[in-house]
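[1] build me a structure from this.
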Amino acid sequence: MSITSGAADLLSVANNPKYSESGGGHGAKGVDFSRIWAVFRMIELEKANEPDFLLLFESVQDVAELDSATAPTRVKVYQVKKKDSGTWTWSVLTGTVEPKARPVISTKATKTKASPPKLPKVSDFKKVPESVLGKLHLSLNAFTALPVEGIFLSNQGCDFPLKTGGSTATTMPCSLADLAAEHVQLLTDAFASLSPGGPLPDLTRVRLQKAAIHPDNLNAPAIEAALDLLNERSPEHAGQAKAFVESLVMKISPLTRRTDTCLSFDELIKERGFSRGSFIAALAALETVPDRHALFNDWMGQLQAEGLDFMTISSVRIAATRAQQDRLTGGSDASREIDDFSDAWIAANPPTSKLRPFVEAALAELKVQFSAHRDNDLIARFVMRAITKCVDPN
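    Numbers count the residues shown, from 1 in each chain. Model (predicted):
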């Protein structure tokens with residue numbers, strides 16, 4: 001397969017509106033879920049040392065993952081759906097009625113046998129084209145040059161029987177070909193109805209996958225993954241894991257809202273794509289930001305030189321570690337109130353060359369507003385905010 005044929009194949013499918021998903025289908029949280037998962041997936045690919053990758057948004061279903069931004073040789077097509085509770089039902093995913101276990105009929109000879117299966121009618125498949133897996137299957141069939149597989153990915157699983165026993169509820173990821181025989185046959189017939197006269201549907205190339213992302217705390221897994229990556233690649237910037245994830249989500253957001261037809265593969269990448277090159281550039285941008293940990297150490301060193309005792313300094317360092325861990329998981333209302341108060345106080349009282357009087361004056365007012373908090377915690381959070389304002393005044 002030539003480079004041109006692979007790129008042209010992708011461009012042709014992406015420019016057909018019936019193969020794209022717009023808006024996520026589950027409101028604002030659904031869109032956020034898709035973007036957060038995309039960031040998590042990019043971090044996952046980078047940690048796996050993939051030489052290149054490209055994610056295209058709402059071009060082919062929700063996300064299309066290519067192995068190269070210049071010479072794609074394969075593609076993964078994702079339907080990424082959030083569900084607040086419960087499991088996905090067979091009818092929603094397939095547009096068909098889930099097959100029941102066949103009843104056993106007694107014979108005169110006291111032997112038993114299963115009743116013959118009920119043959120499906122054409123009317124049984126009328127909802128398949130608009131079902132989740134039906135649309136995914138149609139998207140895969142649209143490719144003529146690139147090898148392609150489809151993944152239905154959600155924060156909630158489904159409970160379908162497997163041919164080896166057990167259920168998809170406890171065995172994911174798995175392919176549709178791994179389902180019980182009667183389910184495989186029904187899906188084969190259902191997907192075949194979408195392309196009468198075409199080749200037999202290949203259920204091995206469609207997978208069910210679950211992502212451990214809670215709808216009420218979407219960022220947590222991506223932040224944890226970013227923290228691991230930064231600890232490995234740039235330990236001095238590990239404290240910026242949350243900001244790194246948020247910046248990537250902001251970069252992705254405009255890409256999910258563009259639906260114009262693209263005249264070339266390069267234009268498609270520019271309008272709706274985020275490549276490994278872009279990811280590495282975002283990672284490298286952290287190196288231009290002053291090291292907050294080093295600045296914190298500088299402040300602690302100066303405060304100690306100005307007479308703040310060693311035990312207080314040590315306690316503030318411990319409190320700062322706890323505060324940073326809290327911040328990485330989103331923080332609490334109380335911590336955000338302390339940050340907001342500190343920001344306002346710093347704006348009205350800029351730092352002086354002597355840090356101890358500056359910090360002690362702030363502490364005196366913080367203790368009035370947040371009397372339930374220990375001095376060391378208040379000092380740690382205040383100093384961290386003061387450093388942040390020095391690094392990014394906006």
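
[2] helices or strands up against the helix or strand harbouring Ala282?
    Using DSSP states H and E, Ala282 sits in helix 276-285. Secondary structure elements in contact with helix 276-285, counted by 3 or more CB pairs under 8 Å, 6 or more residues apart in numbering; DSSP states H and E, are helix 27-47, helix 241-252. The way it works is simple: take the backbone N, C-alpha and C, and place the C-beta from them, glycine included.

[3] okay, buried residues for whatever helix or strand comes next after it please.
    Toward the C-terminus, helix 276-285 is succeeded by helix 292-305 as the next helix or strand (DSSP H and E). Neighbour counts over helix 292-305 (16 or more other CB atoms under 10 Å) mark Arg292, His293, Leu295, Phe296, Trp299, Met300, Leu303 as buried.

[4] CA atoms of stretch 348-367 as PDB?
    The C-alpha trace of stretch 348-367 is given here as PDB (Å, rounded to 0.1, in the frame of the first residue of the first chain):
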ATOM      1  CA  ALA A 348      -2.700  44.000  47.000                       C
ATOM      2  CA  ASN A 349       0.600  43.300  48.700                       C
ATOM      3  CA  PRO A 350       3.400  42.500  46.300                       C
ATOM      4  CA  PRO A 351       6.400  40.500  47.600                       C
ATOM      5  CA  THR A 352       9.300  42.500  49.100                       C
ATOM      6  CA  SER A 353      13.000  41.700  49.200                       C
ATOM      7  CA  LYS A 354      12.500  40.400  52.800                       C
ATOM      8  CA  LEU A 355      10.300  37.300  52.600                       C
ATOM      9  CA  ARG A 356       9.700  36.600  56.300                       C
ATOM     10  CA  PRO A 357       7.700  39.800  57.100                       C
ATOM     11  CA  PHE A 358       5.800  39.300  53.800                       C
ATOM     12  CA  VAL A 359       4.800  35.700  54.700                       C
ATOM     13  CA  GLU A 360       4.100  36.500  58.300                       C
ATOM     14  CA  ALA A 361       1.800  39.400  57.400                       C
ATOM     15  CA  ALA A 362      -0.100  37.200  55.000                       C
ATOM     16  CA  LEU A 363      -0.300  34.400  57.700                       C
ATOM     17  CA  ALA A 364      -1.900  36.800  60.200                       C
ATOM     18  CA  GLU A 365      -4.800  37.500  57.800                       C
ATOM     19  CA  LEU A 366      -5.100  34.000  56.600                       C
ATOM     20  CA  LYS A 367      -5.500  32.800  60.300                       C
END
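
[5] and that stretch, how far from the chain's centre?
    41 Å (CA atoms, centre = their mean, to the nearest Å).

[6] on that earlier part again, tell me which of the buried residues of helix 292-305 is nearest to Val128?
    Arg292 (53.4 Å; CB to CB).

[7] what's the helix or strand for Ala190?
    helix 181-192.

[8] mean confidence score for the helix or strand following that helix?
    Per DSSP H and E, the first helix or strand lying C-terminal to helix 181-192 is strand 206-210. The average pLDDT within strand 206-210 is 96.

[9] helices and strands around strand 206-210, which ones?
    helix 132-142, strand 148-154, strand 174-175.

[10] buried ones in that strand?
    Within strand 206-210, the residues scored as buried using 16+ other CB under 10 Å are Val206, Arg207, Leu208, Lys210.

[11] could you point out the helix or strand that follows that strand?
    helix 220-233.

[12] now the helix or strand harbouring Ser315 and helix 241-252, what's the angle there?
    In the assignment (DSSP H and E), Ser315 maps to helix 310-328. Angle, helix 310-328 to helix 241-252, by axes from the mean of the first three to the mean of the last three CA atoms, to 10 degrees: 30 degrees.

[13] just the buried positions in the helix or strand just after helix 310-328, please.
    Next along the chain after helix 310-328, taking DSSP H and E as the criterion, comes helix 333-348. Using 16+ other CB under 10 Å as the test for burial, helix 333-348 gives Ser335, Ile338, Asp339, Phe341, Ser342, Trp345, Ile346.

[14] sorry, back to before: residues in contact with the helix holding Ala190?
    If you take CB atoms under 8 Å, 6 or more residues apart in numbering as the criterion, helix 181-192 is touched by 90, 94-96, 98-99, 102, 117, 120, 124-125, 128, 133-134, 137, 160-161, 163, 176-177, 179, 198, 200-201, 203.

[15] and it, C-alpha only, in PDB?
    What follows is helix 181-192 as a C-alpha-only set of coordinates in PDB (Å, rounded to 0.1, in the frame of the first residue of the first chain):
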ATOM      1  CA  ALA A 181     -22.300 -18.500  19.400                       C
ATOM      2  CA  GLU A 182     -25.900 -17.300  19.200                       C
ATOM      3  CA  HIS A 183     -24.800 -13.700  19.800                       C
ATOM      4  CA  VAL A 184     -22.100 -13.900  17.100                       C
ATOM      5  CA  GLN A 185     -24.500 -15.300  14.600                       C
ATOM      6  CA  LEU A 186     -27.100 -12.600  15.300                       C
ATOM      7  CA  LEU A 187     -24.400  -9.900  14.900                       C
ATOM      8  CA  THR A 188     -23.100 -11.500  11.700                       C
ATOM      9  CA  ASP A 189     -26.600 -11.400  10.200                       C
ATOM     10  CA  ALA A 190     -27.200  -7.900  11.500                       C
ATOM     11  CA  PHE A 191     -24.000  -6.500  10.100                       C
ATOM     12  CA  ALA A 192     -24.500  -8.400   6.800                       C
END
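
[16] specify the residue ranges that define each domain of the protein.
    3-285, 292-391 (automatic domain parsing).

[17] what's the most buried one of these?
    domain 3-285 (a mean of 17; mean count of other CB atoms under 10 Å).

[18] quick one: low-confidence parts of the stretch 251-394 of the chain?
    Low-confidence segments of the stretch 251-394 of the chain, defined by pLDDT under 70: 289-291, 328-331, 390-394.
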